[in-house]
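Trainee: Sequence below, structure please.
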Amino acid sequence: MEATALDALTLARIQFAANISFHILFPTINIALGWALLFFRLRHRATGDAGWEDAYAFWVKVFALSFALGVVSGITMSFQFGTNWPGYMEKAGNIAGPLLGYEVLTAFFMEATFLGVMLFGKSRVSERTHLIATFLVALGTTFSAFWILSLNSWMQTPSGFAIIDGKFHATNWWQVVFNPSFPYRLTHMLLASFLTAAFLLAGVSAWQTLKRIQRPGVDKALRTGVIAGAVLIPVQIFVGDLHGLNTLQHQPAKIAAIEGVWRTEKGAPLVVFAVPDKETQSNKYAIEIPKLASFILTHDPDGEVKGLNEFPGAHPPVAPVFWSFRVMVGMGLLMLAVSWLGVLYLWRRRALPGWLLRIFALMSFSGWVATLAGWYVTEIGRQPWIIQGLVRTAEVVAPHPPKMVAATLFGYLLMYVVLIVAYVSVVKYLAEKSEDDADRTEPTGQPAAAE
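Mentor: Below is the predicted model of the structure:
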């Protein structure tokens with residue numbers, strides 16, 4: 001019986017991970033892309049340059065496509081609270097319900113309403129009204145992130161509540177919303193979104209340049225993406241460090257898993273590479289930098305870092321957290337190097353060489369990789385708790401037969417593969433359409449790729 005329950009729990013966790021992994025891809029693009037569209041409109045209004053108008057016309061289609069898939073996958077994810085995790089809403093519904101409701105009222109309705117004006121109202125409303133609609137949609141995407149991150153952060157660092165008869169009740173909504181990890185996690189996620197959108201702008205525009213697509217907005221979007229990425233990545237590194245220190249304070253077991261620290265020690269090394277072995281509780285083939293983990297986390301090279309031994313039976317699985325963190329950091333450093341190199345070429349030559357355009361094109365969805373890796377660190381790193389230190393994930397899972405959960409999981413995965421392929425294919429199709437498909441020569445006034 002215990003093995004069956006474990007199997008059902010594992011399958012339900014994998015299914016929710018699959019759903020949220022697919023869903024988060026599209027809000028991650030749109031949170032920032034909405035503001036990029038507003039920037040395009042403001043630049044067109046200020047300069048009268050048709051390139052900015054063209055950039056808006058193209059990228060609003062990508063925004064609408066991403067919005068549609070985000071809505072569909074978000075509904076599916078919400079259903080899982082009831083189908084697979086009824087115990088969660090039974091215990092925490094008094095807090096989770098209102099926060100999710102605020103997201104719908106202040107974000108979704110506003111986005112859905114004014115997106116129609118953005119898409120179909122250009123010739124039907126004034127320029128000012130169209131600009132306001134774009135602003136409200138961008139604001140709506142940010143409100144959505146605000147409420148969702150507030151709830152998720154509350155699950156990581158719960159505050160402002162009382163437990164009465166096994167159920168959570170809010171005693172201070174300010175503390176619930178602005179819980180200890182929320183400011184760091186919201187800022188980190190917003191920056192992740194802007195970096196995801198920046199590399200999508202740069203990557204798709206680089207592809208269009210390589211294909212010699214006749215659109216005046218291609219170079220505008222390319223430069224916007226490259227410069228935004230170069231400026232924001234150092235900020236993200238700084239915020240990530242602050243977020244890590246906050247996590248050390250409130251979720252030390254997660255930090256121990258991230259750093260691969262099995263036993264509490266002073267002067268803990270930074271493990272650059274290793275193969276964590278849970279059987280021996282050690283890191284095999286470790287490449288370490290002495291005392292650097294202690295210095296980063298405590299600002300003292302001999303500072304003490306708590307190990308996983310301090311949390312028997314209550315710490316996350318080490319390997320997925322350890323590796324996900326390194327994928328996130330590695331992708332971030334790659335994005336930093338490529339964007340700074342891009343800015344250097346734009347500054348010195350005013351054009352990107354063909355080989356660098358190809359790299360940007362290959363990295364169009366690099367933000368997705370970094371975001372998913374970071375999300376896995378956050379969510380797997382909270383285990384075995386669904387509400388940190390208070391409610392275990394195993395306590396709230398539905399007692400479904402494992403075969404039924406496995407069957408629905410397979411259906412979800414199959415559908416998501418199809419939808420991801422379709423999404424990328426449609427973006428590629430839109431990108432390769434020029435103003436005149438018969439004319440694929442170099443646009444007048446757009447710098448050619450320097451081979």
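Trainee: Please name the residues that touch D241.
Mentor: Counting by Cβ atoms under 8 Å, 6 or more residues apart in numbering, D241 makes contact with I296. Glycine gets a C-beta too; all of them are placed from N, C-alpha and C.
Trainee: where does it sit relative to E288, distance-wise?
Mentor: Spatial separation of D241 from E288 under the definition Cβ to Cβ, to the nearest Å is 20 Å.
Trainee: With adjacent residues omitted, what lies nearest to F40?
Mentor: Y56 (4.1 Å; Cβ to Cβ, 6 or more residues apart in numbering).
Trainee: For the stretch 301-450 of the chain, give me the ranges with low pLDDT.
Mentor: Within the stretch 301-450 of the chain, the stretches with pLDDT under 70 are 434-450.
Trainee: try 50
Mentor: 436, 438-450 (pLDDT under 50).
Trainee: on that earlier part again, list the residues that contact the residue nearest to F40.
Mentor: 37, 40-41, 44, 217.
Trainee: Please report the distance of it from S126.
Mentor: Using Cβ to Cβ, Y56 is found at 16 Å from S126.
Trainee: Columns secondary structure on top of the contacts of Y56, output as JSON lines?
Mentor: Shown next, in JSON lines, are the contacts of Y56 (DSSP: H, G, I helix; E, B strand; the rest coil):
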{"residue": "L37", "secondary structure": "helix"}
{"residue": "F40", "secondary structure": "helix"}
{"residue": "R41", "secondary structure": "helix"}
{"residue": "H44", "secondary structure": "helix"}
{"residue": "G217", "secondary structure": "coil"}
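Trainee: Let's have those residues in TSV, adding distance to L414.
Mentor: Below are the contacts of Y56 laid out as TSV (distance: Cβ to Cβ, whole Å):
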residue	distance to L414
L37	33
F40	37
R41	39
H44	42
G217	36
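Trainee: Out of those, flag the one nearest to T224.
Mentor: Of all the contacts of Y56, T224 sits closest to F40, with 8.0 Å by Cβ to Cβ.
Trainee: Number of residues surrounding the closest one?
Mentor: F40 has 25 neighbours, counted by other Cβ atoms under 10 Å.
Trainee: ok, now A253?
Mentor: Under the neighbour criterion other Cβ under 10 Å, A253 is assigned a count of 24.
Trainee: Quick check: the gap between it and P312.
Mentor: 10 Å.
Trainee: can you check V275 too?
Mentor: From V275 to P312 the distance is 22 Å (Cβ to Cβ).
Trainee: what's the answer for I296, then?
Mentor: 26 Å.
Trainee: quick one, which of these two is more surrounded?
Mentor: Ranked by neighbour count (other Cβ under 10 Å), I296 and P312 place I296 first, with 19 against 7.
Trainee: Give me the secondary structure label for the more buried one.
Mentor: Look at I296: counting by three-state DSSP, its state is helix.
Trainee: ok now do it, which residues does it touch?
Mentor: I296 neighbours (Cβ under 8 Å, 6+ apart): 241, 244, 270.
Trainee: please redo it, this time with the cut-off set to 7 Å
Mentor: L270 (Cβ atoms under 7 Å, 6 or more residues apart in numbering).
Trainee: quick one: it and L242, what's the gap?
Mentor: Taking Cβ to Cβ as the measure, I296 falls 12 Å from L242.
Trainee: could you measure K254 against P276, distance?
Mentor: Relative to P276, and taking Cβ to Cβ, K254 is found at 14 Å.
Trainee: which of these two has more neighbours?
Mentor: Using other Cβ under 10 Å, the more surrounded residue of K254 and P276 is K254, with 25 against 22.
Trainee: Would you mind giving the secondary structure of the more buried one?
Mentor: Under the three-state scheme (three-state DSSP), K254 adopts helix.
Trainee: tell me the phi and psi of the closest residue to it other than its chain neighbours?
Mentor: Nearest non-adjacent residue to K254, counting by Cβ to Cβ, 6+ apart: G381, 3.7 Å away. In terms of degrees, to the nearest 10, the main-chain angles of G381 are phi -70, psi -20.
Trainee: Spit out the contact partners of G381.
Mentor: Contact analysis of G381 by Cβ under 7 Å, 6+ apart lists 251, 254, 257-258, 316, 321.
Trainee: will you turn the contacts of Y56 into JSON lines that also has pLDDT and distance to I359?
Mentor: Putting those into JSON lines (pLDDT from 0 to 100; distance: Cβ to Cβ, whole Å) gives the following:
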{"residue": "L37", "pLDDT": "94", "distance to I359": "25"}
{"residue": "F40", "pLDDT": "93", "distance to I359": "24"}
{"residue": "R41", "pLDDT": "92", "distance to I359": "29"}
{"residue": "H44", "pLDDT": "90", "distance to I359": "29"}
{"residue": "G217", "pLDDT": "88", "distance to I359": "22"}
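Trainee: which residues touch stretch 220-231?
Mentor: So stretch 220-231 is contacted by 36, 51-52, 55, 59, 194-195, 198-199, 201-202, 205-206, 209, 335, 339-340, 342-343, 346 (Cβ under 7 Å, 6+ apart).
Trainee: cool, and stretch 14-32?
Mentor: Contacts to stretch 14-32, defined as Cβ under 7 Å, 6+ apart, come from residues 63, 66-67, 69-70, 73-74, 76-77, 80, 84, 141-142, 144-145, 190, 192-194, 196-197, 200, 367-368, 371-372, 375, 405, 408-409, 412-413, 416.
Trainee: Could you check it and say which residues are buried?
Mentor: Using 16 or more other Cβ atoms under 10 Å as the test for burial, stretch 14-32 gives 15-32.
Trainee: In helices only, show me those.
Mentor: Cross-referencing the buried residues of stretch 14-32 against helices under DSSP state H gives 15-32.
Trainee: all strands for the stretch 101-250 of the chain, in order.
Mentor: 161-164, 167-170 (DSSP state E, counting those that start in this stretch).
Trainee: What are the buried residues along the last one?
Mentor: This points to strand 167-170. Quick answer for strand 167-170 (16+ other Cβ under 10 Å): 168, 170.
Trainee: my guess is P290 contacts P269, does it?
Mentor: Yes: using Cβ atoms under 7 Å, P290 is in contact with P269, at 5.0 Å.
Trainee: More neighbours: these two, which one.
Mentor: Neighbours per residue (other Cβ under 10 Å) separate P290 from P269, with P269 holding more: 20 against 12.
Trainee: Against A257, how distant is that one?
Mentor: 16 Å.
Trainee: go on, V418?
Mentor: Separation of V418 from A257 (Cβ to Cβ): 34 Å.
Trainee: follow-up on the earlier one: now, the contacts of stretch 220-231 that are in helices?
Mentor: Using DSSP H, the contacts of stretch 220-231 in helices are 36, 51-52, 55, 59, 194-195, 198-199, 201-202, 205-206, 209, 335, 339-340, 342-343, 346.
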